[in-house]
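Q: What follows is a predicted structure for the sequence shown.
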Amino acid sequence: MPKRTDIKSVLILGAGPIVIGQACEFDYSGAQACKALREEGYRVILVNSNPATIMTDPEMLMRRTLSRSIGKCT
């Protein structure tokens, strides 16, 4: 698939709080997505409410936003 030149930034939504036993898979896949997109030259922005993940490492991202969930699912 050719690289899209019209896209400069990519927003990744982190999984947030994770159940013990699932953290590794979510964290690894998100970290790999950040790494791959950055290597392709995209500006990666991560929104994640869980600061205890490798995805929030400043070396992984160009910008990070740690925020709590704004909305509420019903």
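A: Perfect, I can see it now.

Q: What strand or helix carries Leu37?
A: Using DSSP states H and E, Leu37 sits within helix 23-39.

Q: from memory Lys8 sits against Tyr42, does it?
A: Yes. Applying CB atoms under 8 Å, one finds Lys8 in contact with Tyr42, separated by 7.0 Å. Bear in mind the C-beta positions are built from the backbone N, C-alpha and C, glycine included.

Q: Of these two, which one has the most company?
A: Taking other CB atoms under 10 Å, Lys8 and Tyr42 do not tie; Tyr42 has more neighbours (17 against 9).

Q: so what's that one up against?
A: Contact analysis of Tyr42 by CB atoms under 8 Å, 6 or more residues apart in numbering lists Ile7, Lys8, Ser9, Val10.

Q: and if we set it to 10 Å?
A: Contact analysis of Tyr42 by CB atoms under 10 Å, 6 or more residues apart in numbering lists Lys3, Arg4, Ile7, Lys8, Ser9, Val10, Cys34, Ala36, Met62.

Q: ok now do Ala36, which residues does it touch?
A: Counting by CB under 10 Å, 6+ apart, Ala36 touches Tyr42, Val44.
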